[in-house]
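Trainee: pasted the sequence and its predicted model underneath.
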Amino acid sequence: MTHIGILCPSAVGHLNPMCVLGRELQNRGHHITFFGVLDMQSKLMKTGLNLCVIGEVDFPLGSMDEKYRKLGEMSGLAGLKFTLQLLEQQTAMLFREVPDALKRQGVEALLVDQITVAGGTIAEFCNLPFITVCNALLVNREAGVPPFLTSWGSSTGLWARLRNQLGNSFVDLILQKSKKVVASQRYQWKLHQYSSNKDFYSPLAQICQLPAEFDFKRIKLSKCFHYTGPLQEPSGLEPISYSEISFPFEKLNGKPLIYASLGTLQNRKPEIFQKIAEACCGLDMQLVISLGNPNSQESGSNLPGSPIVVSYAPQQQLIERSSLIITHAGMNTTLGALSSGVPLVAIPITNEQPGIAARIARTGAGEMISLSQLSVPNLRATINRVLTEDSYKKNALRLQQAIRQAGGVSLAADIVEQAIFTRKPVLAHANG
């Protein structure tokens, strides 16, 4: 048995897949401990996983959830900048508190969410093996792949490479402060400075929730990079759920279902829900809208077409019943839809969502509408197209098959164990 620590943001979209992996490893006899802020406590309570609380001064109870509430009202560059400021604050706190906490708890290895940029440095300082886990869209760079925050398509042409290079220069600019925090800490701890972005990731194993078929074609991934497919429970149920909030299944009328959700972060956008409801009016279908916020007091009774509107929904159960998913292109909603072979209409809002939406469009499993192009007529036409043209459903089913063959959480746990036990790179058979 190994004591494995987990460093991960407290956002539900990152916690859920990491909890699935943590529970799989726990079922194999390992001891699992998350290291996170107080706001993680209520989320992890029913998962059966331990939490060592850190950052109580910097992030007192309720503060992180309040920051996520503010983020939920933002879009585009404003949302991205807010996310990066929060990342900078968390990075400084992790450097101050995690090494001692790991020592006190007797941790022997680490799982590090890819956007937790402090993780690799902490692992090196503490002489612990670590594995990188890409719970959101992978941010690994190469010339032929657009920056993660863009909705650009993939192309091998010179113009596209120049465009990608300029985009990555912009990403470097906005990440500059967080990288300076890491560089300063490495200097204080007498560790060599990172020479490239690749140095942030594990040299033993990198695990990604995507099936390779969903990503852009890549030729420069590390040999220890693994596309395992979604980190999901076999039951489809999410570890962090709100089972006390019952869904009115009795209100489903038997018509084909459209399920709409903007996830658990970018969900305070009533104008988008309004347009979704208007666009679905007149369809011989039933619309279910999840506000993604268990504390929401909104009823949605003023939305046209009388959709079923709930504060929080048993997402995978509804996806399984649906003919179409309308989403902000969050990773877990997207993978949940593709795992069930359901096509999507993506309305990306901020952060990596444009990159995920671009992949939905590239694979033909759905369509993407930017916020600047979002109108009721455009959305209605896109919904009709995805529902009526067979290719979208066929491509969603193709990706469903790829996910079933990818290996999932069982493969991910195998990779973690091999990396920890051997402390040698776990090589992937093929990438992309």
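Mentor: Arrived safely. Numbers count the residues shown, from 1 in each chain.
Trainee: SS state for residue 4?
Mentor: Under the three-state scheme (DSSP: H, G, I helix; E, B strand; the rest coil), residue 4 adopts strand.
Trainee: show me what contacts residue 346?
Mentor: Listed by C-beta atoms under 8 Å, 6 or more residues apart in numbering, the contact set of residue 346 reads 327-329, 334, 353, 356-357, 360-361, 366-369. Every C-beta, even on glycine, is put in place using the N, C-alpha and C of the backbone.
Trainee: no no, residue 222
Mentor: Residue 222 makes contact with 140, 198, 201, 203, 206 under the criterion C-beta under 8 Å, 6+ apart.
Trainee: so which of those residues comes closest to residue 12?
Mentor: residue 206 (22.7 Å; C-beta to C-beta).
Trainee: quick revisit: so which of the contacts of residue 346 belong to helices?
Mentor: Judged by DSSP state H, the subset of these located in helices is 334, 353, 356, 357, 360, 361.
Trainee: of all those residues, which two lie farthest apart?
Mentor: 353 and 361 (12.6 Å).
Trainee: between these two, who's got more neighbours?
Mentor: The neighbour comparison of residue 353 against residue 361 (other C-beta atoms under 10 Å) goes to residue 353, with 30 against 17.
Trainee: surely the more buried one and residue 332 touch.
Mentor: No - between residue 353 and residue 332 there is no contact under C-beta atoms under 8 Å: 11.8 Å.
Trainee: could you list the low-pLDDT ranges of this protein?
Mentor: The model of the chain has pLDDT under 70 over residues 243-244, 265-268, 294-301, 430-432.
Trainee: please, where are all the strands along this protein?
Mentor: Along the chain, the segments classed as strands by DSSP state E run 3-7, 31-36, 50-53, 109-113, 130-134, 206-208, 225-227, 257-261, 286-290, 308-310, 322-327, 344-346, 366-368.
Trainee: which residues does the nearest residue to residue 367 once chain neighbours are set aside contact?
Mentor: Spatial nearest neighbour of residue 367, chain neighbours left out: residue 382 (5.0 Å); criterion: C-beta to C-beta, 6 or more residues apart in numbering. Residues near residue 382 by C-beta under 8 Å, 6+ apart: 345, 367, 369.
Trainee: from what I can see residue 147 touches residue 173, true?
Mentor: No - the pair residue 147 / residue 173 is not scored as a contact, 11.6 Å apart, by C-beta under 8 Å.
Trainee: looking at those two, which one has more neighbours?
Mentor: Between residue 147 and residue 173, residue 147 has the larger neighbour count (other C-beta under 10 Å), namely 21 against 9.
Trainee: re earlier: closest one of the contacts of residue 382 to residue 227?
Mentor: Among these, residue 367 lies closest to residue 227 (C-beta to C-beta), at 23.8 Å.
Trainee: the closest one: what's it in contact with?
Mentor: Residue 367 is in contact with 344, 345, 346, 360, 361, 382, 385, 386, 392, counting by C-beta under 8 Å, 6+ apart.
Trainee: one more time with 6 Å
Mentor: By C-beta atoms under 6 Å, 6 or more residues apart in numbering, the contact list for residue 367 reads 345, 382, 386.
Trainee: beta partners for it?
Mentor: Under DSSP bridges, the beta-bridge partners of residue 367 are residue 345.
Trainee: and residue 309, by the same measure?
Mentor: Counting by DSSP bridges, residue 309 is bridged to residue 289.
Trainee: relative to residue 290, how far out is it?
Mentor: Plainly put, residue 309 is 8 Å away from residue 290 if you go by C-beta to C-beta, to the nearest Å.
Trainee: show me which of the two is the more surrounded one.
Mentor: Per other C-beta under 10 Å, whichever of residue 309 and residue 290 has more neighbours is residue 290, with 25 against 21.
Trainee: now the more buried one, nearest residue through space, not along the chain?
Mentor: Excluding the flanking residues, the one nearest residue 290 by C-beta to C-beta, 6+ apart is residue 313, at 3.8 Å.
Trainee: residues near residue 216, how many?
Mentor: 18.
Trainee: show the contacting residues for it.
Mentor: Taking C-beta under 6 Å, 6+ apart, we find residue 216 in contact with 145, 154.
Trainee: ok, 10 Å please
Mentor: 142, 144-146, 152-155, 355, 358-359, 362-363, 432 (C-beta atoms under 10 Å, 6 or more residues apart in numbering).
Trainee: give the PyMOL command for selecting the buried subset of those residues.
Mentor: Per 16 or more other C-beta atoms under 10 Å, the buried members of those correspond to this PyMOL selection:
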select buried, resi 144+145+146+152+154+355+358+359+363+432
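Trainee: farthest pair in the contacts of residue 216?
Mentor: Top of the distance list for the contacts of residue 216 (C-beta to C-beta): 142 and 363, 19.0 Å.
Trainee: surely residue 83 meets residue 67?
Mentor: Yes - at 9.5 Å, residue 83 counts as touching residue 67 under the criterion of C-beta atoms under 10 Å.
Trainee: more crowded one of those two?
Mentor: Using other C-beta under 10 Å, the more surrounded residue of residue 83 and residue 67 is residue 83, with 22 against 19.
Trainee: dump the residue contacts of that one.
Mentor: Residue 83 neighbours (C-beta under 10 Å, 6+ apart): 9, 11, 67, 68, 71, 74, 115, 174, 265, 350, 351, 352.
Trainee: now the helices for the stretch 301-432 of the chain?
Mentor: Taking DSSP state H, counting those that start in this stretch as the criterion, the stretch 301-432 of the chain carries its helices at 315-321, 331-339, 353-363, 376-388, 390-406, 408-422.
Trainee: tabulate the ones you listed (CSV), appending distance to residue 255.
Mentor: Below are these laid out as CSV (distance: least, C-beta to C-beta, whole Å):
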stretch, distance to residue 255
helix 315-321, 11
helix 331-339, 19
helix 353-363, 25
helix 376-388, 13
helix 390-406, 18
helix 408-422, 32
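Trainee: out of the ones you listed, nearest to residue 223?
Mentor: Of all the helices of the stretch 301-432 of the chain, helix 408-422 sits nearest to residue 223, with 12.8 Å by C-beta to C-beta.
Trainee: show me this protein divided up by domain.
Mentor: 3-229+407-422, 249-404 (automatic domain parsing).
Trainee: ok, which of the ones you listed comes nearest residue 242?
Mentor: Each of the domains of the chain has some distance to residue 242 by C-beta to C-beta; the shortest is domain 249-404, at 4.5 Å.
Trainee: the closest one: end-to-end distance?
Mentor: Counting by C-alpha to C-alpha, to the nearest Å, you get 28 Å between the two ends of domain 249-404.
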